[in-house]
Structures are given as C-alpha cells and as structure tokens.
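K.L.:
Generate a structure from the sequence data that follows.
(chains A and B)
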Amino acid sequence: MPVREAAAPPSRRGRRAARAAGLVTAVALLAVIVVLSIAVGAKAMPLADVWSGLLHRDATEYAVVHRMRLPRTLLGLLAGTALGVAGAVMQALTRNPLADPGLLGINAGASAAVATAAAFLGVTAVGGYVWFALLGAAAVTALVYAVGGGRGATPARLALAGAALNATLYSYVSAVMLLDTASLERLRFWTVGSLASADSATVTRVLPFILIGLLVALGAARPLNALALGDDAARALGARPALIRAAVIVAVTLLCGAATAACGPIVFVGLLVPHLVRALTGPDLRWLLPYCAVLAPALLLGADVLGRVLGRPGELQVGMVTAVLGGPLFLWLVSRRPVAQP
Amino acid sequence: MTVLRTSWGLSLRFRPRALGVGAGAAVLAAGFGLVALGSGDYPMGPADVLRTLTGGGTVAEQFIVLELRLPRLVTAVLVGAALALAGTVFQSLVRNPLGSPDILGFTQGASTGALVVVVLGGSSLALAGAAVVGGLGTGLVIYALAWRRGVHGYRLILVGIGVAAILTGVNGYLLTRAPLMEAARAVLWLTGSLDGRGWANAGPLLAVLVLLAPLVLVGCAPALRMMELGDDAASALGVPVRRLRLVLLAAAVLLVSFAAAAAGPVSFVALVAPHVAKRLTRAPGPNLLPSMAVGAALLVGADLAAQRAFAGHQLPVGVVTGVIGGGYLVWLLAMERRAGRL
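P.N.:
Okay, here's the model as predicted:
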C-alpha cells in the first residue's frame, strides 16, 4: 500500500516549512477554541469580560470564569494532549492501527479500581477516585507487559494481552455495576467521560503526571521511528527496543492514567486523532506527536464547547460529541487520500 | 498434518491436533449443556435429562427441558458458534488479531438498530429485525466507504473504527433519550443476554448458520488461508481475491447481525474464541471449525456460570463471557510464555 502520495516529492526544506506552518495554524486554532471554551456556556460572556475575569481573580461576578470554566478548559487541554500523544505512541509501539491508549488495559484498570473502591471500600468522592484510578492503571499495565512477554514483548502479543485483560476487567466492572445498584448510581457519571466535574484541585493533581509522561513520550519519538522498521533494523540504528518499549509504556500509563482518573475513560480522542493527524503529516513521530499534542485538545475542547451549546441549558457529554463530530471528519480524511500506516 | 488416502483416489488432509481441539471443545459444550439442562428451580440428574431428551420422562419434565431450557441452550450454542466463525473470518480478512466485529463497527450498527426500536417502542420481534437491518446497513456503509477499486484490509479497519466511533456516540445519545424503564431494558440487551430465549430466537440464526457455515468452511477456507499471504500472493495462486473478500465479509456480517438479533451483542466471543482456538491447536491460518466449537463451549459455559454463580442474581451472559474468555486467554498467553513458545 502506498504510504504517501506518489506525486513529485516537494523538497525536504519545503515540506518542513509546510509542516511548521501547519503546526502554527493548529496552535492558533487551539487558542481560538480555548477562548471559546471560557466564553461559551450556560452564561455567555463577551470577550472583554473573559479577559477581565482572568485578570481579576477575586471578583465574584467573574467567579464562573476562574472557578468553573478555567479549570475545565485547563483539564480539557491536559487530558486532550495526554490522550492524543498516548494514542499516537501506542499505535507506533504496537504497530497496530487499532491500538488506542486503552489497549494496554489502562482505562480498564482504572475503571476496575474505581469500581472496586466505590463498591467495596466505600469511597464516594470523585477526588478519592484519582489515586485508585492511577494505581489500577499502573498495576494492570504492568500485568499486560508481563503477560505480553516482558523484555521480549512483541507488538502483536502486547496488543493481544491488552485486549484480553480489557475484556476481563470491563466485564468485572459491568458485573459490579449490575449487582450493586448503589455503585451503578455513583459510577454512571464517571464512566461516561466528561469534563464537567473539573476543579482546580483535580487539575493540579494530574498536572505533574501528564507533564512527565509528555516529556518521556516526546523524547521517545526518534527511537520509536527507528523501531517502526522492526527490532533488528532498530538495533542496527543504535536503538534499544526493550528499553524504548518499557519507557513508552511508562509514559502512556502516566498520560492515560492521569487523564482517565480526572475525566473518566474518553476513548476516541486517542484512537482517532493520531489517524487524523497521520493523514496530514505522515508517520514521522517527530511531527506526528506535536501535531497530536495540539490538535487532540482542540478536538476535545471544541467538542466540549459544542456539547455545551447544543445541550443548553444542560450539556451533552464530551465523549459522545467527540465521536459524532470527529468520526465523519476522520472518514472524510481516510477516504480522500492514500493512508499512512503507523 | 496427516493425510488420509482411500484406495479409490480420494485424499483428505487434516491436523489431528486441530481435530482433537474441536472435538474436545464440542464435548465440553455438550457437558456444560447437560448440566445447564438439569439445573434450575427444578433440578434433574444427567440421566433424567438424557431420558427426557430421548422422549421419556414425565410431561412436566418434557415441558421444562424441551420448552424452557433447551431453546436457551441451543441459542447459546448457535450464537457462540456464529460469533466465533465471524470473528475468525474478520481477523483473517483484515489480517489483524484485534479485528473483531466489536471493534470494526458491525456490532455497534446492530445495537443502533435495536436502540432505535427501544426508543420508539416496539415488540421484541421488531427489535431483532432492527438489529439485523442495522448490522447489515452498517456493513454496507463500511464497505461502500472503504471501496477504492477494491477493498483493502487496512482501509477497512480505518473506516470500521471511524464508523464504530460515530455509532457509539449515537448509541450513547439514544440511550439518554430513552425513558428510564426502556433504557434499563436497552442496557440489558446491549450487554447480551439469553434470558427467556425461545425457539423463535434460535430459528432464524440456525437457518443462517446452516446456510453460511458450509459456504465458509468448505467453499472459502482454503482460499482464506492463501489470502493470509497477502493479496498479491493469493492472486498469483489463483484466488479471486475481491470476489472472495466480498462474499466472506457479507457472510460474517450476516452471522454477527443474526447472532445479535438472537442474544444481543454478546461481547468478546468473536475476539477471544479464535485466539483460544489458535493457541490450543497451534496451527497457522484460520482455525474455523475449532473456533466455532470453542465459541459454543465458551458461551454455554458462560451462560451456566451467569445463571448459577451468584445465588439470587442472574447476570446477563455478556458479562461473564468477558471474564471467562478474556481470563482464559490471558492464562494461555502466560502459559505459552512460561513454556518458551512465544
């Protein structure tokens, strides 16, 4: 299958300039969406008010900005970036286009731990879920890595082990929710995936995990490119496959564990955005990752804003809007040009 | 590989291990089935069950076994076999170990059809019909969108996950729009349940399976094995790749849709059964017949566990298939690793 269009390749420098310009455009788009996300809601605000709301932190008339919309926007930025980057690295790591950040069992582990905490340990506050979610994510990822072959893990086995553990854990979560109505009531809102419960405490709690995860993932871009050629070729190029795999798995766990803990399992951002972006940049991770880091939060926040507008006076859950909004865009991109495989 | 030759020139190749696995799984399914037929509010010993099945027993026993318990068991066997066959065909066609109908959007399509009926209000027959229509319609849409002078496995995957994403969003929306009682019914249906299934549920699926299983097993299996070498190699070996892919896709989508109409979209059977069969037979290529036997055994065993595991609670079978199937696959993977067969 052709990886890129076979038309006369533009010069190396020209392509780089085009990609850089595209990235700048993407950042501008994200900035616009961030402003919208603060301005739009049940109580609409003119832009001037948004600005003064950001400057005057103590004024009560702007409380809605810095108590609710600012944390919500920040969380959307963080979670979107985390999920988009994690998805891209996961697809590169497993060399499987069906891989999403949840594939290593991260979302399932987090969900299972939260379900256990809610049903058997009597944890009821959303703030308490975060630690359980992170712990569950880390434990299950370690298990998937061990079952998938440890240091000798191959992409196919990792994907298979992840899928199998996902199946088991999600069934466990459904069983808990079906047998215990009280925990169904509590978990129903968490499992949908939403930014609505964001506050500044949640943001500061997940921020360090996501930052570390991002740094590791971006640092792994170059060796992961080499790994795409296969383990032997990567070794010949000076990369160390086992080490890279372990590092990337740690990064993905941090990114997704934190994002899932804060806003529940939002699946499609991590699955679709890398494919969307790959249609623009090709499979080179050094470009793919920055693009994902900018466009994924743009999609997530854009969907969140749209959900607030469409669902007035309430709102539609962001996970739902992301899928219905991002899906057709994705199909359009896939159907009009040759696709690049991870 | 063993070859059986007869004196009049016919020869038959088979793998003894694959045959053994298939037979073993079938015996296991029969054993589970015997226990399932004999257990319930009116317990019966295996001998009584066998006597009743062969025409003996009291009128009450005849009614309980033949009218109440046998239809459920037959539905379980058929659904398990149909889903496993479809899953094997999908995984082989798209050459991806994760390429099950759950991920490629066909299951979601069937769910959307059923949910529309739930929201609008309709009989269970209309629900089953809508599930079939939804599944087939989604199959058509995916095929049409993926068509570019022939359908390639990779594009099919991309289009499939895009459509799956959109439909999941739509399903979530429909679920929030349904009245509470209807939503509860819909959730039960979406999990996959065998409660109260009668001959009317088993009949259509049986017809489809009787029609399609020989077509796939006898007509397409050898060509499917060659297609795993890649389209070019298969074409060179004389396989009509495009026509065969269309036929196989249509067959698999029909199987999934009718299975969903009979028992709801029971998750993970289509994903897990082929892998379990592959690991037990240790044979390359699609293990169609062993997969079907494993799928049937898995679903019958899961239904038995779902009915008996928690006294006083009946879980829907879809919850247990994941725990048993996924758990067993993880165990197989771990054993394989310990035995050094990575």
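K.L.:
make it CA atoms for all contacts and neighbour counts henceforth
P.N.:
Will do.
K.L.:
Show me the domain layout of chain A.
P.N.:
Following automatic domain parsing, one gets these domains for chain A: A:17-61+A:266-342, A:97-263.
K.L.:
So for residue B:327, which of those domains sits nearest?
P.N.:
The closest approach between residue B:327 and any of the domains of chain A, judged by Cα to Cα, belongs to domain A:97-263 at 5.8 Å.
K.L.:
how far does the closest one sit from the chain's center?
P.N.:
Remark: domain A:97-263 is offset 10 Å from the chain centroid, using Cα atoms, centre = their mean, to the nearest Å.
K.L.:
tell me how far the ends of that domain are from each other?
P.N.:
Using Cα to Cα, to the nearest Å, one end of domain A:97-263 lies 25 Å from the other.
K.L.:
do that domain and chain B meet at all?
P.N.:
Yes: with Cα under 8 Å from any Cα of the partner chain as the criterion, chain B is reached by domain A:97-263 at A:97-98, A:147-149, A:156, A:159-161, A:163-172, A:174-175, A:178-179.
K.L.:
Out of the domains of chain A, which is closest to residue B:223?
P.N.:
Closest to residue B:223 of the domains of chain A is domain A:97-263 (Cα to Cα; 24.0 Å).
K.L.:
Flag every residue of the stretch 51-200 of chain B that's near chain A.
P.N.:
Contacts of the stretch 51-200 of chain B with chain A, taken as Cα under 8 Å from any Cα, map to B:96-99, B:145-146, B:155, B:157-159, B:161-163, B:165-170, B:172-173.
K.L.:
Any of the residues of domain A:97-263 next to chain B buried? List them.
P.N.:
A:97-98, A:147-149, A:156, A:159-161, A:163-172, A:174-175, A:178 (16 or more other Cα atoms under 10 Å in any protein chain shown).
K.L.:
remind me which residues of the stretch 1-150 of chain B are low pLDDT?
P.N.:
B:1, B:9-12, B:149-150 (pLDDT under 70).
K.L.:
in it, which spans are strands?
P.N.:
Ranges of strands in the stretch 1-150 of chain B, per DSSP state E, counting those that start in this stretch, are B:2-5, B:11-14.
K.L.:
so which of those strands gets nearest residue A:111?
P.N.:
Comparing the strands of the stretch 1-150 of chain B against residue A:111 with Cα to Cα, the closest turns out to be strand B:11-14 (44.4 Å).
K.L.:
Show the model's pLDDT score for residue 152.
P.N.:
Answering for chain A, as no chain was given. You'll see residue A:152 listed with a pLDDT of 64.
K.L.:
Can you look at chain B instead?
P.N.:
73.
K.L.:
How many neighbouring residues does it have?
P.N.:
Neighbour count of residue B:152, defined by other Cα atoms under 10 Å in any protein chain shown: 17.
K.L.:
Also residue B:237?
P.N.:
12.
K.L.:
any idea how far residue B:241 is from the closest residue to it other than its chain neighbours?
P.N.:
Using Cα to Cα, 6 or more residues apart in numbering or on different chains and skipping residues adjacent in sequence, the residue nearest residue B:237 is residue B:226, 7.7 Å away. The gap separating residue B:226 from residue B:241 is 10 Å, by Cα to Cα.
K.L.:
One more: residue B:134?
P.N.:
27 Å.
K.L.:
Looking at those two, which one has more neighbours?
P.N.:
Between residue B:134 and residue B:241, residue B:134 has the larger neighbour count (other Cα under 10 Å), namely 24 against 20.
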